[in-house]
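# sharing a model that was predicted from the sequence below.
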2 protein chains.
Amino acid sequence: MVSFMSPAADTPDATPPSPGRRGRGRPRKTADERDDGNRRQDLLRAAARLFRLKGFAATSTRDIAAAAGMRSGSPFYHFENKVALLAAVMQEGMERALVRQQAAMDAASAAARAQGRTLSARECLRVLVRNQFDLLLGPESDFIPVMLYEWRSLSDAQRSEVTRLKDVYELVWAPVLHALHASGEMAGDPGVARLLLFGALNWSAQWYDPARVGQGGYSLDELADIALQLFLKPPS
Amino acid sequence: MVSFMSPAADTPDATPPSPGRRGRGRPRKTADERDDGNRRQDLLRAAARLFRLKGFAATSTRDIAAAAGMRSGSPFYHFENKVALLAAVMQEGMERALVRQQAAMDAASAAARAQGRTLSARECLRVLVRNQFDLLLGPESDFIPVMLYEWRSLSDAQRSEVTRLKDVYELVWAPVLHALHASGEMAGDPGVARLLLFGALNWSAQWYDPARVGQGGYSLDELADIALQLFLKPPS
DNA sequence: CCTACCGATCGGTAGG
DNA sequence: CCTACCGATCGGTAGG
């Protein structure tokens, strides 16, 4: 890219605003869109996508602004600085994850209760694993991978807030894994087993291709089944 | 950091060379050190450490130069550009990994042969897993994590060369996993099982702390044992 | 391998 | 949220 401007001046933005252009430009915003937090949400979504794709350090705030249909300075109206935007992506991701994990467990529990029984530890694990694959690989799945792979860029204070949310998330897993260990369905120290299991699941963000589900690729349901077969011993 | 120089001029380097200083400066190099590829190796080691610690995009070539005891322009005498340095770290890491994996397998095979027997698939997996923990977490273990977590920064050509080496590395695992699957010691499609297993192992680079081995932390041997317990069914 | 430097980009800001 | 801009840093290079 060659700049024809004097070296002292920035190229103002990728596409300078030509007052006379018609249509085709940034879409006119209705009052609705402008009022609520849509613009902030747009920024978060764009940032999550780019941070996942290129990494935090390799993504410029200009890239994010452009992806959200803004000019280069505008993200700083919504976020104090670049790393605050990253922290917001992670917190948003973890809060969504917590909500969806709780909803998945509640739904499965209710279904079992309707049959007059309770969930086995094995069934709980299946629900948790399936839900985690969805968080990692399903639609709107940029937030969690960013949290997993970019936390070193946070400040200490931001990191401990994200860690707190992550601990709450993992709290649901602990009793399930302990029960499976106690019944002999899962071997190895449960603390280490949890870390190895999370590794197996989280790594899928690096290789899974949702586009291949039809052509020889496994669905998220099949993936969860395979993971459970691999990690659990046959019930006795 | 405040610069007192005119804005047109860079601060030449962190510590400008004062001709009169004695001792304490960059160590005088002997002819030996200057002749062979030591300086290039120093750069690779420094780059691996910093890329692992801060990530590729967040590490400047100046950081790397300083860590190797050079001035800011000198890395480009050894490497064409920054990403070529990253590619060299990864190739070096993969080549070492291949050598060490082969050596570990050969040593285990020889030991078994001395007892007049051959290795079981289970024993092979134990050797491979233990060796991978060493590559990821042992001494000089910066190269492989960089390869695992920074490959998106490579050009397509560089990426396919690293992928080729990685495929050779994984080629050793395939027959072992197939044998374990055939004997019923490992469940789930072997292709997916391999990805899940690698995930479990590779993720350890994110949480394992070698300093805690004495105080409640597991050694690499213990870790390998736990992983095998977790992933394999009892032998029949 | 160092010196001295360039052009580009980047995070961020004042003022509207 | 845009305009116009600043100061700093960064990858990289010519010449020795």
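Looks like it arrived, so ask away. Remember, it's a predicted structure, so these values are computed and weren't measured experimentally.
# chain neighbours aside, what residue packs nearest to A:Pro235?
Nearest in space to A:Pro235, with sequence neighbours left out and distances taken as C-beta to C-beta, 6 or more residues apart in numbering or on different chains, is A:Glu185 at 6.1 Å. C-betas here are computed from N, CA, C, even on glycine.
# roughly how far does the one you found sit from DNA strand D?
Using C-beta to the nearest atom of the strand, to the nearest Å, one obtains 49 Å as the distance from A:Glu185 to DNA strand D.
# tell me how far the helix or strand containing A:Arg52 is from the chain's mean position?
Taking DSSP states H and E as the definition, one finds A:Arg52 inside helix A:38-54. The chain centre lies 11 Å from the centre of helix A:38-54; the measure is C-alpha atoms, centre = their mean, to the nearest Å.
# mind listing what's buried along whichever helix or strand comes after it?
Using DSSP H and E, the helix or strand that directly follows helix A:38-54 along the chain is helix A:61-67. When neighbours are counted by 16 or more other C-beta atoms under 10 Å in any protein chain shown, the buried residues of helix A:61-67 are found to be A:Thr61, A:Asp63, A:Ile64, A:Ala65, A:Ala66, A:Ala67.
# is helix A:61-67 anywhere near chain B?
No - against chain B, helix A:61-67 shows no contacts by C-beta under 8 Å from any C-beta of the partner chain, the least distance being 12.6 Å.
# same thing with stretch A:148-160?
Yes - remark: stretch A:148-160 sits within contact range of chain B at A:Tyr149, A:Arg152, A:Ser153, by C-beta under 8 Å from any C-beta.
# without its sequence neighbours, what residue ends up closest to the last one?
Take A:Ser153 and drop its neighbours on the chain: the residue closest to it by C-beta to C-beta, 6+ apart is A:Phe56, 4.8 Å away.
# OK, contacts around that neighbour?
Residues in contact with A:Phe56 (C-beta atoms under 8 Å, 6 or more residues apart in numbering or on different chains) are A:Leu86, A:Val146, A:Glu150, A:Ser153, B:Ala57.
# thinking again about what came up before, A:Arg164: which of the buried residues of helix A:61-67 is nearest?
Within the buried residues of helix A:61-67, distances to A:Arg164 taken as C-beta to C-beta reach their minimum at A:Ile64, with 25.9 Å.
# go through stretch A:193-207 and flag the buried ones.
With the criterion 16+ other C-beta under 10 Å, stretch A:193-207 contains buried residues A:193-206.
# let me fix that, I meant to ask about stretch A:109-125.
Within stretch A:109-125, the residues that qualify as buried are A:Leu119, A:Ser120, A:Ala121, A:Arg122, A:Glu123, A:Cys124, A:Leu125, counting by 16+ other C-beta under 10 Å.
# just the ones of the residues you listed in strands?
Judged by DSSP state E, the subset of the buried residues of stretch A:109-125 located in strands is empty.
# quick one: which of these sit in helices?
Judged by DSSP state H, the buried residues of stretch A:109-125 include A:Ala121, A:Arg122, A:Glu123, A:Cys124, A:Leu125 as members of helices.
# by residue count, what's the longest helix in chain A?
Among the elements of type helix in chain A, defined by DSSP H, the one spanning the most residues is helix A:82-114.
# can you pull the contacts of A:Glu170?
Contacts here follow C-beta under 8 Å, 6+ apart; on that basis A:Glu170 touches A:Arg194.
# relative to A:Val176, how far out is it?
When C-beta to C-beta, to the nearest Å is applied, the distance between A:Glu170 and A:Val176 equals 11 Å.
# A:Val83 against A:Gln158, yeah?
Yes - at 7.2 Å, A:Val83 and A:Gln158 qualify as touching, with contact defined as C-beta atoms under 8 Å.
# between those two, which is the more surrounded one?
For A:Val83 and A:Gln158, the more surrounded residue by other C-beta atoms under 10 Å in any protein chain shown is A:Gln158, and the numbers stand at 18 against 14.
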